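S.K.: give me a model of this one.
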Amino acid sequence: MKLSRKILFLFILLNIFRVYAEEKRNLNVRIEQIISKDYPEMTAYTIIKNDKGELVSGLAPGLFSFRIDTAEIKVKSKIVPFSMADEGVDYTIMISNNGIMEGEPLDFQKNALLKFVELMSDRDTLSVYTVGEDAGEVILDVTNKTFDSAVINKIELSEGQPRLYDSVMNLIRKVEQKKGKRKVVIILSDGRDQNSRFSKDQLIETLGSIGFPVYTVGMKVLSNQSLSNLDEISQLTGGMYYYSPRFKDVPDSLKKVVDCVKQSYIIKLKVKNVKADNQAHLLEIKVEETEAHGKGGKTFIAIKHPVPRWLQITFLILFIILFVTIIILLIVRKTLKRKSMGITKRRCPDCRNIMKDNWETCPFCKYMPEISVKKVKKNKEK
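M.R.: Alright, predicted model coming up:
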């Protein structure tokens, strides 16, 4: 009887734990960008939302765990909220200005850009392009202090076709060439593409390998049919898609992008047991707290350097020290050799050549007639 009660108690207890585990809320963990140029050290910018779509901040570092290629890894980590870090963001925004955007669609895009600049920090930079046959440059790498609103207000309608795929491919190449800051690309469009040289499949293949997120803001102009292109672009790159049912909602959609970026986590990792091999690997970040859990992943390249950077710096310092030491030794050796020959700093007062200490007269002066004559005259005058 007692055994039966114990079994029943354990059964009830296990069911309580099972129900509790099932009631845990889900967290959406999205790795937006991984920078692995200094592998095994790398940085992962991560955004976490709850099941209501709200951004989650203030999570303790101890709640995070990491895997590479589904295996546990030895890693040294440092987790800091982006809002507390002294970092800037390199924003690149592409707007649509083809003929169908005449009136409110273009006006609200311009207004969204002007309001976006107000949300930028002093460390952020902004570049603006337009959709066309290629990405047309409007402004490049301006700050909130150097931004000129007149340039945005002068953007006019284009007679060209909205070759969205070509423009995105061209924009990606431009952004990939940039170095330094965290990169974020934002595209404002209705998703339509007309007569691009690049196919959608080629674009998808390229988007799957870039290292920065592309956020998209969809605007219904003719229909919703082409908006799925924008959603797919964001899903492939670690960004997010925001639909603006009304043109006046476009500025708010851009603000949501900024909120995601500013309320993300900077996760710095130093991996210890995964070798650099120039191959793609999957990084998984898992968050497990009392009432919610979730995980997300993104691929990165474990960049292999011919010589580690720290070793390159060490070799450079050692070379400089060795070079300076050799020069000093040569000077000392020459000085000692001259001293052993009786040559010091003594110079002839007439020809200024160095003389040995035991020389009573300068042997060089007799080969210089002018000096010899002057010397004879001096002796006579004395």
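S.K.: which residues of the stretch 1-150 of the chain fall in strands?
M.R.: 25-26, 28-35, 41-49, 64-68, 71-72, 75-81, 89-95, 125-130, 136-142 (DSSP state E, counting those that start in this stretch).
S.K.: the third one vs strand 75-81, what angle?
M.R.: Using axes from the mean of the first three to the mean of the last three Cα atoms, to 10 degrees, the inter-axis angle of strand 41-49 relative to strand 75-81 is 50 degrees.
S.K.: circling back to that earlier point, any chance of the strands of the stretch 1-150 of the chain in CSV, plus distance to residue 200?
M.R.: For every residue, glycine as well, the C-beta is placed using N, CA and C. Output for these, formatted as CSV (distance: least, Cβ to Cβ, whole Å):
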stretch, distance to residue 200
strand 25-26, 31
strand 28-35, 23
strand 41-49, 26
strand 64-68, 31
strand 71-72, 35
strand 75-81, 37
strand 89-95, 17
strand 125-130, 20
strand 136-142, 21
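S.K.: of those strands, give the one that comes closest to residue 291.
M.R.: strand 25-26 (6.0 Å; Cβ to Cβ).
S.K.: in its sheet, what does the closest one sit against?
M.R.: Strand pairing for strand 25-26, determined by DSSP bridges: strand 292-301 (parallel).
S.K.: lowest average pLDDT across the strands of the stretch 1-150 of the chain?
M.R.: Of all the strands of the stretch 1-150 of the chain, strand 71-72 carries the lowest average pLDDT, namely a mean of 85.
S.K.: from the chain's centroid, how far away is it?
M.R.: Offset of strand 71-72 from its chain centre (Cα atoms, centre = their mean, to the nearest Å): 26 Å.
S.K.: what about this protein, any weak spots by pLDDT?
M.R.: Counting by pLDDT under 70, the chain shows low-confidence ranges at 1-23, 223, 307-310, 338-339, 341-345, 360, 366-367, 369-382.
S.K.: what's the closest of the strands of the stretch 1-150 of the chain to residue 272?
M.R.: Using Cβ to Cβ, these put strand 75-81 closest to residue 272, at 6.4 Å.
S.K.: host element of residue 275?
M.R.: Under DSSP states H and E, no helix or strand contains residue 275.
S.K.: what about it, neighbour count?
M.R.: Residues lying near residue 275 (other Cβ atoms under 10 Å) number 10.
S.K.: now do the contacts for it.
M.R.: residue 302 (Cβ atoms under 8 Å, 6 or more residues apart in numbering).
S.K.: switch to 6 Å and redo it
M.R.: Applying Cβ atoms under 6 Å, 6 or more residues apart in numbering to residue 275 gives no contacts.
S.K.: for residue 234, same thing?
M.R.: Residue 234 neighbours (Cβ under 6 Å, 6+ apart): 214, 216, 240, 241.
S.K.: please apply the same query to residue 126.
M.R.: 91, 142.
S.K.: the helix ranked longest in the chain versus strand 41-49: what angle between them?
M.R.: Scanning the chain for the helix with the most residues, using DSSP state H, yields helix 309-340. Interaxial angle, helix 309-340 versus strand 41-49 (the same axes, to 10 degrees): 150 degrees.
S.K.: return the set of buried residues in helix 309-340.
M.R.: Buried residues in helix 309-340, counted by 16 or more other Cβ atoms under 10 Å: none are found.
S.K.: then stretch 189-196?
M.R.: Buried, per 16+ other Cβ under 10 Å, within stretch 189-196: 189, 190, 191, 192, 193, 196.
S.K.: what about that stretch, how long is it end to end?
M.R.: End-to-end span of stretch 189-196 (Cα to Cα, to the nearest Å): 15 Å.
S.K.: so what's the gap between that stretch and the chain middle?
M.R.: The answer for stretch 189-196 is 29 Å, by Cα atoms, centre = their mean.
S.K.: need the contact partners of that stretch.
M.R.: Outside stretch 189-196, the residues touching it (Cβ under 6 Å, 6+ apart) are 96, 161-166, 219, 221, 226-227, 229-230.
S.K.: was I right about residue 29 contacting residue 47?
M.R.: No: applying Cβ atoms under 6 Å, one finds residue 29 not in contact with residue 47, separated by 7.9 Å.
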